[in-house]
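Visitor: I'd like to go over a predicted model; first the sequence, then the structure.
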Amino acid sequence: MRRLILLVALIWPCHHTALRAQDVTLPMKPGSVRFAAFGDMGTGKSPQYEVARQLFRFHQKFRFNFVILLGDNIYGSKKARDMVKKFEEPYQPLLDAGVQFYASLGNHDDRDQRFYKYFGMKEQEYYSFKKENVRFFALESGYMDGAQLEWLEKGLAKSGADEWKICFFHHPLYSSAKFHGSSTELRGILEPLFVKYGVDVVFSGHDHVYERVKPQKGIHYFVEGAAGQLRAGDLRKSDLTAAGYDQDRSFLLVEISDDDLYFQAVSRTGETVDSGTFHRRVVIQGKRGLPDVPPLLERRHAGTVAHRAPRRRPPTIRLTWGQEREKGACLMCPPFLEPRHAGTFVRRTPRRNRRRSASP
Ligand SMILES: [Fe+2]
């Protein structure tokens, strides 16, 4: 009898832990908007497949309808057979279950992926869609030009005051990871718009960790770039960090019900590494108009940014990276991090009088 009690005592905690490891903490309220978010996954290697299997296990309990992809969706070769190996095979059970994917593009992705039938991009590098009371904006953070900013501002301005506004794109505006960290230049461009129009949440990848950032100017930021790739130990928890995880691959589950957002970050092995909820804030929308060119941008790239205001046409800001196709290059890292990018910032003149200005 004593042996039996001892055996039960030994087995029970393990069994109990195993059950808890795959518990869904999300409330699963009727009519809620449910989705998964992750990036940097498309390696075609076993960790990606293991994460995908875990994701499907959670899908059987938490029936999310769609996934937002945070860029670096396909690494390396991108031939048809690679797209099968690096996307269709690992996520086939989700595709079979009718889950829709919406991609944003990272620095390892081809722009032609906007035509890929499973990425839901409407053949556009940036686009938006709506699910119930949630408006999503998928941005192309590697090519943040004036046309995209203008499109984004119009879209944000048109969004209803009672809608959630969620942006997702590859390069994180805030990140405590050591390898890439915050894309401060991109932040200088986007954050004024986000604040002005009351963006609620931003999802990004690029750094191969999970991090939930403390709200910045009222906006919630998540980094989830570890659904295939991983930089173990890369997270340098800072004053920005609300929670983080860099010991294994992971993905993020999200549920929005009315004005509440619930989130759960899950590791490759099914462990919940972060979870919580927050309430949507009410923002009185600012006056419509074009964003200011941030001082940082003006100072660092003096003479390389066209900010024109013709009477009948909207102002344009055109930023083009000269070596954007360089394999493995980070488009938004500042020059002091990626010296090879120094001097590649070029200005394009309008089509009617196109000629390239010399690099600074
Ligand atoms: Fe990246």
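Guide: Yes, it's here. Every value quoted in this text rests on a predicted model; they were computed, and no experiment measured them. Residues are numbered from 1 along each chain as shown.
Visitor: which residues touch the residue nearest the centre of the chain?
Guide: Relative to the mean C-alpha position of the chain, the nearest C-alpha, by Cα atoms, centre = their mean, is the one of Ser204, at 2.5 Å. Going by Cβ atoms under 8 Å, 6 or more residues apart in numbering, Ser204 touches 39, 70-71, 141, 168-173, 175, 221-225. Heads up, the C-betas are built off the backbone N, CA and C, glycines and all.
Visitor: let's see it at 7 Å
Guide: If you count contacts by Cβ atoms under 7 Å, 6 or more residues apart in numbering, Ser204 has them with 70, 168-172, 223.
Visitor: what number of residues lie near Ser238?
Guide: Using other Cβ atoms under 10 Å, Ser238 has 16 other residues around it.
Visitor: just give the nearest non-adjacent residue to it, would you?
Guide: Spatial nearest neighbour of Ser238, excluding adjacent residues (Cβ to Cβ, 6 or more residues apart in numbering): Ser176 at 4.3 Å.
Visitor: for Glu191, same thing?
Guide: The shortest distance from Glu191 to any residue other than its chain neighbours is 6.3 Å, reached at Leu173 (Cβ to Cβ, 6+ apart).
Visitor: Glu123: how many residues sit nearby?
Guide: Close neighbours of Glu123, defined as other Cβ under 10 Å, add up to 10.
Visitor: before we move on, what about Leu173?
Guide: The local packing of Leu173 (other Cβ under 10 Å) involves 26 other residues.
Visitor: again with Gly218
Guide: Using other Cβ under 10 Å, Gly218 has 12 neighbouring residues.
Visitor: nearest residue to it in space, please, no chain neighbours.
Guide: Closest residue in space to Gly218, ignoring its immediate chain neighbours: Arg281 at 5.8 Å, by Cβ to Cβ, 6+ apart.
Visitor: and that neighbour, what pLDDT?
Guide: Arg281 carries a pLDDT value of 80.
Visitor: next one: Gln22
Guide: We have a pLDDT of 71 for Gln22.
Visitor: what's the nearest residue to it if we skip its chain neighbours?
Guide: Distances taken as Cβ to Cβ, 6+ apart put Gly270 closest to Gln22, at 4.2 Å, once the chain neighbours are dropped.
Visitor: that neighbour touches Gln54, doesn't it?
Guide: Yes. In this structure, Gly270 sits in contact with Gln54. The criterion is Cβ atoms under 7 Å, and the distance is 5.4 Å.
Visitor: out of the two, which sits in the more crowded spot?
Guide: Under the neighbour definition other Cβ under 10 Å, Gly270 and Gln54 were set side by side, and Gln54 has more, 22 against 16.
Visitor: do I have it right that that one meets Thr272?
Guide: No. Here Gln54 lies out of contact with Thr272, judged by Cβ under 7 Å, at a distance of 11.5 Å.
Visitor: the protein: helices as residue ranges?
Guide: Per DSSP state H, the chain has helices spanning 2-21, 46-61, 80-83, 92-96, 146-158, 184-196, 295-300. These are given in chain order.
Visitor: related to what we said a few turns ago, what about the residue nearest to Ser238, how many residues nearby?
Guide: 22.
Visitor: now, which of the contacts of Ser204 sits nearest the ion?
Guide: Taking Cβ to the ion as the measure, the ion sits nearest to His170 out of the contacts of Ser204, at 5.7 Å.
Visitor: for the closest one, list the residues it contacts.
Guide: 39, 70-72, 104-107, 141-142, 204-206.
Visitor: and the residues you listed, which are buried?
Guide: Those of the contacts of His170 that meet the buried threshold are 39, 70-72, 104-107, 141-142, 204-206, by 16 or more other Cβ atoms under 10 Å.
Visitor: just the residues you listed now: which is nearest Lys117?
Guide: Nearest to Lys117 out of these is Leu105 (Cβ to Cβ; 15.6 Å).
Visitor: I'd say Tyr262 and Met28 touch.
Guide: No. Tyr262 is not in contact with Met28 according to Cβ under 7 Å; the separation is 9.2 Å.
Visitor: so where is the stretch 51-200 of the chain shaky, pLDDT-wise?
Guide: Low-confidence regions of the stretch 51-200 of the chain, defined here as pLDDT under 70, do not occur.
Visitor: residues from it in reach of the ion?
Guide: 72, 106-107 (Cβ under 5 Å from the ion).
Visitor: now do 8 Å
Guide: Contacts of the stretch 51-200 of the chain with the ion, taken as Cβ under 8 Å from the ion, map to 71-72, 106-108, 170-171, 180.
Visitor: can you redo those residues as JSON lines with distance to Phe119?
Guide: As requested, those are arranged in JSON lines below (distance: Cβ to Cβ, whole Å):
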{"residue": "Gly71", "distance to Phe119": "11"}
{"residue": "Asp72", "distance to Phe119": "13"}
{"residue": "Gly106", "distance to Phe119": "12"}
{"residue": "Asn107", "distance to Phe119": "16"}
{"residue": "His108", "distance to Phe119": "14"}
{"residue": "His170", "distance to Phe119": "13"}
{"residue": "His171", "distance to Phe119": "18"}
{"residue": "His180", "distance to Phe119": "23"}
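Visitor: state the pLDDT value of the residue of the stretch 201-350 of the chain at minimum distance from the ion.
Guide: Using Cβ to the ion, the single residue of the stretch 201-350 of the chain nearest to the ion is His206, 4.0 Å away. The model reports His206 with a pLDDT of 97.
Visitor: what sits against Tyr118?
Guide: Tyr118 makes contact with 87-88, 95, 101 under the criterion Cβ under 7 Å, 6+ apart.
Visitor: list just the nearest of the residues you listed to the ion.
Guide: Nearest to the ion, judged by Cβ to the ion, of those is Phe87 at 16.5 Å.
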